[in-house]
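Trainee: Attaching a predicted model along with its sequence, questions to come.
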Amino acid sequence: MRATWMKALLATLGALAALLLLALTGASAADDAWRVGYLHSLSGYLANMGTASRDGFLLAIDEINKRGGVDGRPLQVFVENDESDPSKGVPAAIQLISADRVHAIVGPARSDITEPLGPIAAKARVVDMTCSFILPTQGDYTFATVPTPEEEARVAVGFLADRGARSIGILHAIDLYDKTSAKAFADEAGRHRIQVLATESYNAAADKNFIPQLTKIKAAKPDWLTVLGSGAPVPLIINQKAEIGFAAPVLGNLAFSVAGIEPLLRIAGPNLQGAYLTTVPVAVWETLPKRDPRLPRIVRYREAFKAKYGRDPHMADWWTAQNYDIAFLLAEGLRRAGRDAGGAGLKAALEGIRNFEGVVGTFSFAPGRHAGATGIIIARVEGERIVLVK
(Lines give C-alpha, C1' and ligand atoms only; values in the text may rest on other atoms or scores of the structure.)
Protein backbone atom coordinates (compact mmCIF):
# COMPACT_ATOMS: atom_id res chain seq x y z
CA MET A 1 0.00 0.00 0.00
CA ARG A 2 2.79 2.40 0.91
CA ALA A 3 4.53 1.81 -2.43
CA THR A 4 1.29 2.53 -4.34
CA TRP A 5 0.71 5.69 -2.34
CA MET A 6 4.27 6.82 -2.95
CA LYS A 7 4.05 6.28 -6.72
CA ALA A 8 0.82 8.24 -6.94
CA LEU A 9 2.23 11.04 -4.84
CA LEU A 10 5.43 11.30 -6.83
CA ALA A 11 3.57 11.23 -10.14
CA THR A 12 1.36 14.13 -9.09
CA LEU A 13 4.04 16.16 -7.40
CA GLY A 14 6.61 15.40 -10.06
CA ALA A 15 4.45 17.10 -12.66
CA LEU A 16 4.01 20.07 -10.38
CA ALA A 17 7.74 20.25 -9.68
CA ALA A 18 8.46 20.35 -13.42
CA LEU A 19 6.19 23.39 -13.74
CA LEU A 20 7.84 24.98 -10.73
CA LEU A 21 11.20 24.74 -12.44
CA LEU A 22 10.04 27.16 -15.11
CA ALA A 23 8.90 29.63 -12.49
CA LEU A 24 12.17 29.34 -10.60
CA THR A 25 14.44 30.05 -13.56
CA GLY A 26 15.95 33.46 -13.10
CA ALA A 27 13.74 34.29 -10.13
CA SER A 28 16.38 34.13 -7.43
CA ALA A 29 19.16 36.19 -8.92
CA ALA A 30 17.26 39.46 -8.70
CA ASP A 31 16.32 39.11 -5.03
CA ASP A 32 18.34 41.05 -2.48
CA ALA A 33 18.26 38.25 0.09
CA TRP A 34 19.20 34.60 -0.07
CA ARG A 35 15.87 32.88 0.47
CA VAL A 36 16.11 29.82 2.74
CA GLY A 37 13.21 27.52 3.56
CA TYR A 38 13.13 25.91 6.99
CA LEU A 39 10.94 22.80 7.19
CA HIS A 40 10.77 21.01 10.52
CA SER A 41 8.52 19.32 13.07
CA LEU A 42 7.43 22.25 15.23
CA SER A 43 4.47 20.26 16.55
CA GLY A 44 3.60 16.57 16.78
CA TYR A 45 5.71 13.82 18.30
CA LEU A 46 9.04 15.28 17.12
CA ALA A 47 8.28 18.81 18.35
CA ASN A 48 11.07 18.74 20.94
CA MET A 49 13.57 18.10 18.19
CA GLY A 50 11.97 20.60 15.81
CA THR A 51 11.77 23.59 18.12
CA ALA A 52 15.27 23.02 19.52
CA SER A 53 16.65 22.62 15.99
CA ARG A 54 15.00 25.88 14.94
CA ASP A 55 16.70 27.68 17.84
CA GLY A 56 20.13 26.50 16.70
CA PHE A 57 19.46 27.34 13.07
CA LEU A 58 18.17 30.86 13.75
CA LEU A 59 21.10 31.55 16.07
CA ALA A 60 23.50 30.84 13.21
CA ILE A 61 21.41 32.88 10.74
CA ASP A 62 21.63 35.87 13.11
CA GLU A 63 25.41 35.48 13.35
CA ILE A 64 25.80 35.21 9.58
CA ASN A 65 23.62 38.24 8.91
CA LYS A 66 25.39 40.34 11.55
CA ARG A 67 28.64 39.63 9.69
CA GLY A 68 27.14 40.99 6.49
CA GLY A 69 25.41 37.89 5.19
CA VAL A 70 26.90 36.13 2.18
CA ASP A 71 28.47 38.42 -0.42
CA GLY A 72 26.62 41.32 1.16
CA ARG A 73 23.23 39.64 0.92
CA PRO A 74 21.34 38.60 4.08
CA LEU A 75 19.76 35.20 4.57
CA GLN A 76 15.96 35.41 4.79
CA VAL A 77 14.25 32.41 6.40
CA PHE A 78 10.79 31.09 5.53
CA VAL A 79 9.53 28.65 8.17
CA GLU A 80 7.08 25.80 7.58
CA ASN A 81 5.83 23.24 10.14
CA ASP A 82 5.43 19.67 8.89
CA GLU A 83 3.68 18.70 12.17
CA SER A 84 5.74 15.46 12.29
CA ASP A 85 3.39 14.19 9.58
CA PRO A 86 4.46 13.05 6.08
CA SER A 87 1.11 14.12 4.63
CA LYS A 88 1.79 17.69 5.79
CA GLY A 89 5.49 17.81 5.01
CA VAL A 90 5.45 17.51 1.22
CA PRO A 91 2.82 20.27 0.66
CA ALA A 92 4.81 22.51 3.02
CA ALA A 93 7.96 21.89 0.96
CA ILE A 94 6.11 22.72 -2.25
CA GLN A 95 4.97 25.96 -0.62
CA LEU A 96 8.60 26.86 0.03
CA ILE A 97 9.65 26.00 -3.52
CA SER A 98 6.77 27.52 -5.47
CA ALA A 99 5.43 30.43 -3.42
CA ASP A 100 8.53 31.44 -1.45
CA ARG A 101 10.98 30.62 -4.27
CA VAL A 102 13.71 29.54 -1.90
CA HIS A 103 17.31 28.89 -2.95
CA ALA A 104 17.51 25.94 -0.55
CA ILE A 105 15.52 24.04 2.05
CA VAL A 106 16.81 23.01 5.47
CA GLY A 107 14.94 20.02 6.93
CA PRO A 108 12.89 17.98 7.46
CA ALA A 109 13.82 15.59 10.27
CA ARG A 110 11.45 12.74 9.41
CA SER A 111 12.90 10.28 6.93
CA ASP A 112 9.37 9.58 5.69
CA ILE A 113 9.17 13.21 4.51
CA THR A 114 12.73 13.37 3.19
CA GLU A 115 12.07 10.34 0.97
CA PRO A 116 9.23 11.81 -1.19
CA LEU A 117 10.82 15.27 -1.08
CA GLY A 118 14.05 13.97 -2.69
CA PRO A 119 12.84 13.73 -6.31
CA ILE A 120 10.75 16.89 -5.98
CA ALA A 121 13.76 18.92 -4.87
CA ALA A 122 15.86 17.41 -7.65
CA LYS A 123 13.32 18.26 -10.37
CA ALA A 124 13.01 21.81 -9.06
CA ARG A 125 16.82 22.00 -8.66
CA VAL A 126 16.51 23.18 -5.06
CA VAL A 127 19.10 21.88 -2.60
CA ASP A 128 17.63 20.19 0.48
CA MET A 129 19.91 20.00 3.51
CA THR A 130 17.89 17.42 5.37
CA CYS A 131 17.99 16.91 9.12
CA SER A 132 17.01 13.28 8.56
CA PHE A 133 19.41 10.46 9.34
CA ILE A 134 19.24 9.06 5.81
CA LEU A 135 19.22 10.29 2.23
CA PRO A 136 16.26 9.67 -0.09
CA THR A 137 16.52 6.81 -2.56
CA GLN A 138 15.68 9.17 -5.46
CA GLY A 139 16.99 12.63 -6.26
CA ASP A 140 20.52 14.00 -5.99
CA TYR A 141 19.90 17.45 -4.50
CA THR A 142 19.65 16.25 -0.89
CA PHE A 143 22.53 16.50 1.60
CA ALA A 144 22.54 14.76 5.01
CA THR A 145 24.40 16.16 7.99
CA VAL A 146 24.42 13.20 10.37
CA PRO A 147 26.41 9.95 10.15
CA THR A 148 24.75 7.19 8.14
CA PRO A 149 22.98 4.25 9.80
CA GLU A 150 25.75 2.01 8.46
CA GLU A 151 28.47 4.06 10.16
CA GLU A 152 26.44 4.17 13.35
CA ALA A 153 25.93 0.40 13.27
CA ARG A 154 29.68 -0.21 12.83
CA VAL A 155 30.44 1.77 15.99
CA ALA A 156 27.50 0.45 18.02
CA VAL A 157 27.84 -3.23 17.19
CA GLY A 158 31.61 -3.00 17.48
CA PHE A 159 31.08 -1.73 21.02
CA LEU A 160 28.76 -4.64 21.78
CA ALA A 161 31.31 -7.09 20.41
CA ASP A 162 34.00 -5.55 22.63
CA ARG A 163 31.66 -6.09 25.57
CA GLY A 164 31.40 -9.78 24.74
CA ALA A 165 27.86 -9.75 23.37
CA ARG A 166 26.88 -12.95 21.59
CA SER A 167 23.25 -12.05 20.91
CA ILE A 168 20.93 -9.05 20.68
CA GLY A 169 17.25 -8.27 20.41
CA ILE A 170 16.10 -5.36 18.25
CA LEU A 171 13.08 -3.15 18.98
CA HIS A 172 12.65 -0.51 16.29
CA ALA A 173 10.15 2.10 15.16
CA ILE A 174 8.48 1.63 11.77
CA ASP A 175 9.64 4.88 10.16
CA LEU A 176 12.11 4.64 7.29
CA TYR A 177 15.19 5.63 9.28
CA ASP A 178 14.65 3.18 12.12
CA LYS A 179 13.85 0.32 9.72
CA THR A 180 17.07 1.16 7.86
CA SER A 181 18.92 1.33 11.15
CA ALA A 182 17.54 -2.07 12.22
CA LYS A 183 18.79 -3.65 9.01
CA ALA A 184 22.21 -2.01 9.40
CA PHE A 185 22.48 -3.27 12.99
CA ALA A 186 21.46 -6.79 11.97
CA ASP A 187 23.92 -6.84 9.06
CA GLU A 188 26.75 -5.59 11.25
CA ALA A 189 25.86 -8.10 13.97
CA GLY A 190 26.25 -10.87 11.41
CA ARG A 191 29.75 -9.66 10.57
CA HIS A 192 30.64 -9.91 14.26
CA ARG A 193 28.94 -13.31 14.63
CA ILE A 194 26.42 -11.81 17.03
CA GLN A 195 23.00 -13.46 16.72
CA VAL A 196 19.84 -11.39 16.35
CA LEU A 197 17.45 -13.51 18.41
CA ALA A 198 14.32 -11.37 18.05
CA THR A 199 13.19 -8.30 16.11
CA GLU A 200 10.03 -6.36 16.96
CA SER A 201 8.63 -3.03 15.78
CA TYR A 202 6.31 -0.25 16.94
CA ASN A 203 4.65 2.96 15.74
CA ALA A 204 6.46 5.89 17.37
CA ALA A 205 3.63 8.29 16.53
CA ALA A 206 0.86 6.28 18.17
CA ASP A 207 1.89 3.31 20.33
CA LYS A 208 2.06 3.45 24.13
CA ASN A 209 2.00 -0.21 25.13
CA PHE A 210 5.22 -2.06 24.28
CA ILE A 211 4.88 -4.98 26.68
CA PRO A 212 3.88 -7.48 23.94
CA GLN A 213 7.01 -6.73 21.91
CA LEU A 214 9.27 -6.59 24.96
CA THR A 215 7.88 -9.88 26.27
CA LYS A 216 8.70 -11.65 22.99
CA ILE A 217 12.23 -10.27 22.96
CA LYS A 218 12.75 -11.14 26.63
CA ALA A 219 11.70 -14.74 25.93
CA ALA A 220 14.51 -15.02 23.36
CA LYS A 221 17.06 -14.18 26.13
CA PRO A 222 19.38 -11.82 24.22
CA ASP A 223 22.50 -10.45 25.90
CA TRP A 224 21.53 -6.88 24.89
CA LEU A 225 18.41 -5.00 23.80
CA THR A 226 18.89 -2.38 21.09
CA VAL A 227 16.17 0.29 21.00
CA LEU A 228 16.06 2.03 17.64
CA GLY A 229 13.50 4.82 17.75
CA SER A 230 12.65 8.28 18.97
CA GLY A 231 10.14 10.46 20.71
CA ALA A 232 7.76 9.86 23.60
CA PRO A 233 7.81 6.02 23.34
CA VAL A 234 11.44 5.69 24.46
CA PRO A 235 10.98 6.35 28.20
CA LEU A 236 7.81 4.23 28.14
CA ILE A 237 9.79 1.37 26.60
CA ILE A 238 12.43 1.69 29.30
CA ASN A 239 9.83 1.69 32.10
CA GLN A 240 7.85 -1.22 30.65
CA LYS A 241 11.04 -3.20 30.16
CA ALA A 242 11.70 -2.83 33.90
CA GLU A 243 8.07 -3.64 34.69
CA ILE A 244 8.33 -7.10 33.12
CA GLY A 245 11.72 -7.80 34.68
CA PHE A 246 13.68 -7.71 31.42
CA ALA A 247 17.22 -7.21 32.71
CA ALA A 248 19.29 -7.08 29.50
CA PRO A 249 21.27 -3.84 29.16
CA VAL A 250 20.04 -1.27 26.63
CA LEU A 251 21.82 0.35 23.70
CA GLY A 252 19.90 3.10 21.90
CA ASN A 253 20.65 4.73 18.56
CA LEU A 254 21.06 8.39 17.57
CA ALA A 255 17.30 8.89 17.74
CA PHE A 256 17.08 7.48 21.27
CA SER A 257 17.17 10.89 22.98
CA VAL A 258 15.12 12.85 20.42
CA ALA A 259 12.39 13.45 23.03
CA GLY A 260 15.07 15.31 25.00
CA ILE A 261 17.33 13.98 27.72
CA GLU A 262 15.44 15.85 30.45
CA PRO A 263 12.03 14.31 29.60
CA LEU A 264 13.72 10.91 29.34
CA LEU A 265 15.17 11.27 32.82
CA ARG A 266 11.97 12.69 34.26
CA ILE A 267 9.78 9.85 32.96
CA ALA A 268 12.14 6.86 33.04
CA GLY A 269 14.07 7.95 36.13
CA PRO A 270 16.21 5.21 37.68
CA ASN A 271 15.22 2.73 34.98
CA LEU A 272 17.25 4.77 32.49
CA GLN A 273 20.44 4.78 34.53
CA GLY A 274 23.26 2.86 32.90
CA ALA A 275 21.61 2.79 29.48
CA TYR A 276 23.99 3.22 26.54
CA LEU A 277 23.39 5.14 23.34
CA THR A 278 25.15 6.30 20.23
CA THR A 279 25.53 10.05 19.94
CA VAL A 280 27.97 12.74 18.78
CA PRO A 281 30.79 14.40 20.78
CA VAL A 282 28.97 17.68 21.45
CA ALA A 283 26.40 15.76 23.53
CA VAL A 284 29.09 14.75 26.05
CA TRP A 285 31.23 17.87 25.82
CA GLU A 286 31.79 18.07 29.60
CA THR A 287 33.45 14.66 29.63
CA LEU A 288 35.63 15.16 26.55
CA PRO A 289 39.41 15.32 27.15
CA LYS A 290 40.45 18.88 28.00
CA ARG A 291 42.75 19.05 24.97
CA ASP A 292 40.06 17.94 22.53
CA PRO A 293 40.29 20.34 19.55
CA ARG A 294 36.49 20.51 19.33
CA LEU A 295 36.06 22.10 22.75
CA PRO A 296 36.76 25.74 21.75
CA ARG A 297 34.07 25.57 19.03
CA ILE A 298 31.62 23.99 21.45
CA VAL A 299 32.27 26.62 24.13
CA ARG A 300 31.81 29.49 21.64
CA TYR A 301 28.54 27.95 20.48
CA ARG A 302 27.27 27.60 24.06
CA GLU A 303 28.15 31.21 24.86
CA ALA A 304 26.41 32.50 21.73
CA PHE A 305 23.31 30.41 22.43
CA LYS A 306 23.02 31.72 25.99
CA ALA A 307 23.54 35.31 24.84
CA LYS A 308 20.62 35.01 22.40
CA TYR A 309 18.17 32.88 24.38
CA GLY A 310 19.10 33.58 28.00
CA ARG A 311 19.62 29.90 28.79
CA ASP A 312 22.19 27.19 28.21
CA PRO A 313 21.55 24.76 25.35
CA HIS A 314 20.82 21.17 26.30
CA MET A 315 23.97 19.68 24.83
CA ALA A 316 22.58 16.14 24.83
CA ASP A 317 20.01 17.50 22.37
CA TRP A 318 22.72 17.56 19.72
CA TRP A 319 20.33 18.41 16.87
CA THR A 320 20.30 22.04 18.07
CA ALA A 321 24.00 22.28 17.26
CA GLN A 322 23.48 20.24 14.08
CA ASN A 323 21.14 22.91 12.71
CA TYR A 324 23.58 25.61 13.77
CA ASP A 325 26.20 23.86 11.66
CA ILE A 326 23.80 23.43 8.73
CA ALA A 327 23.31 27.19 8.48
CA PHE A 328 27.06 27.78 8.23
CA LEU A 329 27.46 24.93 5.73
CA LEU A 330 24.75 26.46 3.58
CA ALA A 331 26.34 29.90 3.84
CA GLU A 332 29.67 28.42 2.75
CA GLY A 333 27.98 26.77 -0.21
CA LEU A 334 26.33 30.05 -1.22
CA ARG A 335 29.64 31.89 -0.88
CA ARG A 336 31.43 29.39 -3.09
CA ALA A 337 28.66 29.34 -5.67
CA GLY A 338 28.46 33.13 -5.88
CA ARG A 339 26.39 34.29 -8.82
CA ASP A 340 25.79 30.66 -9.78
CA ALA A 341 24.02 29.87 -6.48
CA GLY A 342 20.77 28.84 -8.13
CA GLY A 343 20.07 25.20 -8.92
CA ALA A 344 23.08 23.12 -9.90
CA GLY A 345 25.56 25.80 -8.86
CA LEU A 346 24.81 25.52 -5.15
CA LYS A 347 24.73 21.73 -5.36
CA ALA A 348 28.17 21.68 -6.98
CA ALA A 349 29.53 24.16 -4.44
CA LEU A 350 28.39 22.01 -1.52
CA GLU A 351 29.89 18.94 -3.19
CA GLY A 352 33.23 20.75 -3.10
CA ILE A 353 33.27 21.22 0.67
CA ARG A 354 35.92 19.19 2.48
CA ASN A 355 36.77 18.98 6.19
CA PHE A 356 34.38 21.72 7.29
CA GLU A 357 34.73 21.92 11.07
CA GLY A 358 31.41 22.38 12.83
CA VAL A 359 30.19 22.08 16.40
CA VAL A 360 28.71 18.61 15.87
CA GLY A 361 31.53 17.21 13.76
CA THR A 362 33.49 17.44 10.53
CA PHE A 363 31.64 17.62 7.22
CA SER A 364 32.89 16.59 3.78
CA PHE A 365 30.81 16.18 0.63
CA ALA A 366 31.56 15.11 -2.93
CA PRO A 367 29.64 14.27 -6.11
CA GLY A 368 27.78 11.07 -5.27
CA ARG A 369 28.60 11.42 -1.56
CA HIS A 370 26.00 13.63 0.11
CA ALA A 371 26.10 12.07 3.60
CA GLY A 372 28.91 14.18 4.93
CA ALA A 373 29.15 13.90 8.73
CA THR A 374 31.46 11.77 10.84
CA GLY A 375 31.99 11.25 14.55
CA ILE A 376 29.79 8.61 16.23
CA ILE A 377 30.60 7.87 19.88
CA ILE A 378 29.16 5.67 22.63
CA ALA A 379 27.75 7.36 25.74
CA ARG A 380 26.05 6.20 28.93
CA VAL A 381 23.38 7.76 31.13
CA GLU A 382 24.85 8.64 34.53
CA GLY A 383 22.82 10.70 36.95
CA GLU A 384 21.30 13.64 35.09
CA ARG A 385 23.62 13.64 32.10
CA ILE A 386 25.20 11.40 29.51
CA VAL A 387 28.94 10.75 29.61
CA LEU A 388 31.54 9.56 27.13
CA VAL A 389 32.27 5.83 27.11
CA LYS A 390 34.05 5.29 23.79
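Mentor: Yep, that arrived. Residues are numbered from 1 along each chain as shown.
Trainee: Give me the neighbour count for A99.
Mentor: By other Cβ atoms under 10 Å, 11 other residues sit near A99. In short, each C-beta sits where N, CA and C put it, glycine included.
Trainee: do R302 as well
Mentor: 17.
Trainee: quick check: mean pLDDT across the host helix or strand of it?
Mentor: Using DSSP states H and E, R302 sits within helix 295-309. For helix 295-309, the per-residue pLDDT values average out at 95.
Trainee: again, but for stretch 333-352
Mentor: Throughout stretch 333-352, pLDDT has a mean value of 92.
Trainee: Give me the residues contacting it.
Mentor: With contact meaning Cβ atoms under 8 Å, 6 or more residues apart in numbering, stretch 333-352 is reached by 24, 28-29, 34, 70-71, 103-104, 125-127, 140-141, 143, 329, 332, 353, 365-367, 369-370.
Trainee: Check which helix or strand T226 maps to.
Mentor: strand 224-228.
Trainee: which is the next helix or strand following the helix holding R302?
Mentor: Along the chain past helix 295-309, the next helix or strand (assigned with DSSP H and E) turns out to be helix 319-337.
Trainee: Using the record's assignment, carve this structure into domains.
Mentor: What the record gives for the chain is the domain set 2-147+314-374, 149-279, from automatic domain parsing.
Trainee: Between those, which one is closest to T287.
Mentor: Closest to T287 of the domains of the chain, according to Cβ to Cβ: domain 2-147+314-374, at 10.6 Å.
Trainee: on that earlier part again, quick check: buried residues in the next helix or strand after the strand holding T226?
Mentor: Tracing the chain past strand 224-228, the next element assigned as helix or strand by DSSP H and E is helix 233-243. Residues P233, V234, P235, L236, I237, I238, Q240, K241, A242 are the ones in helix 233-243 that count as buried (16 or more other Cβ atoms under 10 Å).
Trainee: Would you check that the second one makes contact with L228?
Mentor: No. Counting by Cβ atoms under 8 Å, V234 stays clear of L228, with 10.2 Å between them.
Trainee: anything in contact with each of those two?
Mentor: Going by Cβ under 8 Å, 6+ apart, residues that sit against V234 and also against L228 are G252, F256.
Trainee: Let me see the ranges of the strands in the stretch 1-150 of the chain.
Mentor: 34-40, 75-81, 104-106, 127-130, 142-144 (DSSP state E, counting those that start in this stretch).
Trainee: quick one, what contacts A268?
Mentor: Applying Cβ under 8 Å, 6+ apart to A268 gives the contacts V234, P235, I238, N239.
Trainee: rerun at 6 Å
Mentor: Taking Cβ atoms under 6 Å, 6 or more residues apart in numbering as the contact definition, A268 lies against P235, I238, N239.
Trainee: With pLDDT and distance to S43 added, can I get those in JSON lines?
Mentor: Formatted as JSON lines, the entries for the contacts of A268 read as follows, by pLDDT from 0 to 100; distance: Cβ to Cβ, whole Å:
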{"residue": "P235", "pLDDT": "94", "distance to S43": "20"}
{"residue": "I238", "pLDDT": "97", "distance to S43": "25"}
{"residue": "N239", "pLDDT": "98", "distance to S43": "25"}
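Trainee: Would you mind putting those into TSV with distance to M315 alongside?
Mentor: Formatted as TSV, the entries for those read as follows, by distance: Cβ to Cβ, whole Å:
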residue	distance to M315
P235	19
I238	21
N239	25
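Trainee: tell me which of the residues you listed is nearest to W318?
Mentor: The shortest gap between W318 and any of the contacts of A268 belongs to P235, at 18.2 Å (Cβ to Cβ).
Trainee: Quick one: find the helix or strand in this structure with the lowest mean pLDDT.
Mentor: The helix or strand of the chain with the lowest confidence, counting by mean pLDDT, DSSP states H and E, is helix 2-24 at a mean of 45.
Trainee: Lovely, talk soon.
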